[in-house]
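Q: here is a sequence with its predicted model. Questions after.
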Amino acid sequence: MRVRSPIVITGQGAVCALGLGLEAIWAELAAGRDGIRVIERFPTDTFSTHLGGMVPVPGTLEVDDPTGSRALCIRYAVAAGREAMRTASLSPEGNQPRRMALVLGTSMGSHLGGLHEGSAEVAAALGIAGPVITVSTACASSTNALGVGRDLLDEGLADLVVAGGADVLCPEIFAGFHALGLLSPTKCSPFSEAVGTTLGEGAGFLVLERERDATARGAPFIACFSGYGLSGDGYHATSPEPSGAGVARALRGALDDAGLAAADVGYVNAHGTGTAANDPAEWQAISQVFGERVAQLPVSSTKSYLAHAQGAAGVLELVATLLAMQHGQVLPTLHFTKPRRRGPVDPIAQDRPRALVFDHALCTNSAFGGANAAVAISRQVTPRREVTRRPIFISGASALTPPGAEAVPVHPERSRGGAGPLGPSTPLGMNGGKRLAPFRLESLVPTADTRGMDPSARALTAAVALALGDAKLTLTGAARERTGIFVGTTNASPLAWDEFRGSIKERGLVKVSAPAFTRLVLNSATGTASRLLGLRGPTTTVTSGQGSGLLALVLAAIHLDSRTDADRLVVGSVDEVDLDRDTGRSDGAASLVLTTFPAESSIRLTGWATAGADSLDDAIAHACKMAADLSGFPVHPERSRGATEAPRSDALASGSLLSCVNAVHALRLGPGRVLITDVSTAASCAVVIERSAT
């Protein structure tokens, strides 16, 4: 049995439409004043609405270029991160724990550059030297990031985590949502008339740490981070599953992770965008989870205060909930007029917070690509249940590399400590090719309609389909809901960006391509694979630059080995290169199927770790110790590490995951052990894959 320390929140910080910092934000929340105003940063005269939740940017937050969204996003994040660290009795100038991580969630906050590069800048400004992980699941990003941060602490890969998110409202994003018909002409009022959302921006972060560590350094607790849940709808690129089944799975996952019953929850801060599709689906989900008690449950949406801050929405709404919890209040849904059908019985339809002491709350968010995330928080620290580590097996593996588009049974060098004959060594991606050869996705997925599908979505879906086929899996019924997908990548499709920018050039912002816009989020390919292959369990999309696929494998292993909301996780990676800008890299995709069922494979994933970019040796030591503990015989890093010298693809995100595919095929020939590592400017990762002689 594994005893996990409670995870507590010791710091919080935010900048949003209500102001800069917690004091200013609470003053507005308590007074019932929203931060929605006419947008002045960029012109909106050609659009049907002119409102937004814009962050006031006086003083040090001001930027010379008002359209410099990447720089502004980083400034928001640094300001919120610094406040979170101050409230946790930390400072960038002080002696920080070396094993402090940053997990930053964003949708398109630095939409013209690598998301992981922006996160690295934030980490440097905050003095964070541990792993820097960027989560990008559109509007569920920061909620998802909080869960990843909790997992790092549980796994012993960090001693303190700064987790949250940031996003900026820029003309292109405003135009994209407008083209989708999702914006309200008046201030957003979820579950009420008029229908539509108001876009916003901002940044928020929480400091998470183990209770025993916080107690040891004398840090007071704001609240307990009790649990979180993830799920995929597997339904549509932009619309939620109408029955709310996907959101309900995320809510139940959070409750189960927290060891709470639905009856324990006193308040729900809903995603509540105000749109015609989201609000009724979300209410259906809440009704499914809470049953008859839902009639007495206060459910509101703080987007009526903050507007929809995109990838930062979840953490900002959680900060608002925490502030209200500290003051013994719940926040209203502002501007509420006429209720719509299928909405909360008690949306707290008033203009001021309501006095209410509650012990536990849920906050939930949903996103493009069908990604859902929910977190549970508690006023008091609650003991966590003991859990038993589940063994993780690799039952399927596949790779797509230039110039072919098929599973490639290639074999890396076996680690020097391994036994058994070596298979032939076939370098991946070393043949001078950059693009995948043309292939028909319909031959693998007969239901696929490839019209308008980006190369990255096609390649990832093909790789996942091949891996499921290699595992001899046909997912039906409940198995789909218990099979999720974790993906590592570095960029949205260059083809989608070209189409989007081309539509602006040809028709202007007011007539941008809505289909192209929906494919700009980093998890677009993940959502496509999830939808076409029926993967409805936990889902996330992450990036750390080079080796993002290996990072996804590490996070999937952490998630699967001690939770009960999934039996299998498919891990994938994909690279679609813009050859006009990066001629040194290749396209590629890879996928592994992780399962908890021993009958499905004899190959185990026995060790995994992530650490700071300069701490590869720490990641290797952790992964090897774990492998030794799980397998019962010693692992020698100095001997196993030779496996990392095997040729690998020059696909940025997929290279090291392709090496894992190589390892799986090699281990099918006989017993042995392989250590695979990768290092980027954001993080280092290590995994141990093995097959025993018995």
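A: That came through fine.
Q: mind listing what the nearest residue to S602 once chain neighbours are set aside touches?
A: In space, S602 comes closest to R691 once its chain neighbours are excluded; the distance is 5.6 Å by C-beta to C-beta, 6 or more residues apart in numbering. Just so you know, the C-beta spots here come from the backbone N, C-alpha and C atoms, and that holds for glycine as well. Contacts for R691 were tallied using C-beta atoms under 8 Å, 6 or more residues apart in numbering; they are 602-604, 667-668, 670-673.
Q: just A138 next, same as before
A: Residues touching A138, when contacts are defined by C-beta under 8 Å, 6+ apart, comprise 107, 310-311, 367-369, 371, 521, 523.
Q: what does L182 give?
A: The contact partners of L182, taken as C-beta under 8 Å, 6+ apart, are 196-197, 273, 275.
Q: ditto for A80
A: When contacts are counted by C-beta under 8 Å, 6+ apart, A80 is found next to 13-15, 164, 166, 202-205.
Q: so which of the residues you listed sit within strands?
A: When the contacts of A80 are checked against strands using DSSP state E, the ones located there are 13-15, 164, 166, 202-205.
Q: using CSV, lay out the residues you listed together with distance to H335 and neighbour count.
A: Formatted as CSV, the entries for these read as follows, by distance: C-beta to C-beta, whole Å; neighbours: other C-beta atoms under 10 Å:
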residue, distance to H335, neighbour count
G13, 27, 28
A14, 22, 33
V15, 23, 29
G164, 26, 36
A166, 26, 37
G202, 19, 35
A203, 24, 36
G204, 22, 34
F205, 28, 38
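Q: returning to what we had before: what would the contacts of A138 look like in TSV with distance to V294, pLDDT and neighbour count?
A: As requested, the contacts of A138 are arranged in TSV below (distance: C-beta to C-beta, whole Å; pLDDT from 0 to 100; neighbours: other C-beta atoms under 10 Å):
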residue	distance to V294	pLDDT	neighbour count
S107	30	94	29
Q310	28	97	29
G311	28	96	36
A367	23	95	29
F368	27	92	23
G369	27	92	31
A371	24	97	32
V521	31	95	29
N523	30	96	30
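Q: go through these and say which is closest to A437.
A: Distances from the contacts of A138 to A437 were compared by C-beta to C-beta; the smallest belongs to N523, at 26.0 Å.
Q: low pLDDT regions in the stretch 501-650 of the chain?
A: For the stretch 501-650 of the chain, the stretches with pLDDT under 70 are 579, 582-584, 632-649.
Q: rerun that using 80 as the cut-off
A: Low-confidence segments of the stretch 501-650 of the chain (pLDDT under 80): 579-584, 630-650.
Q: show me where it has helices.
A: For the stretch 501-650 of the chain, the helices defined by DSSP state H, counting those that start in this stretch cover 514-518, 524-533, 548-561, 616-631, 637-640.
Q: I'd like those laid out as JSON lines, including distance to P344.
A: Listed next are the helices of the stretch 501-650 of the chain as JSON lines, based on distance: least, C-beta to C-beta, whole Å:
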{"stretch": "helix 514-518", "distance to P344": "28"}
{"stretch": "helix 524-533", "distance to P344": "27"}
{"stretch": "helix 548-561", "distance to P344": "31"}
{"stretch": "helix 616-631", "distance to P344": "45"}
{"stretch": "helix 637-640", "distance to P344": "54"}
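Q: give me every residue that touches S136.
A: The neighbours of S136, taking C-beta under 8 Å, 6+ apart as the test, are 105-107, 115, 311, 521-523, 541-543.
Q: and this structure, what are its domains?
A: What the record gives for the chain is the domain set 7-378, 393-691, from automatic domain parsing.
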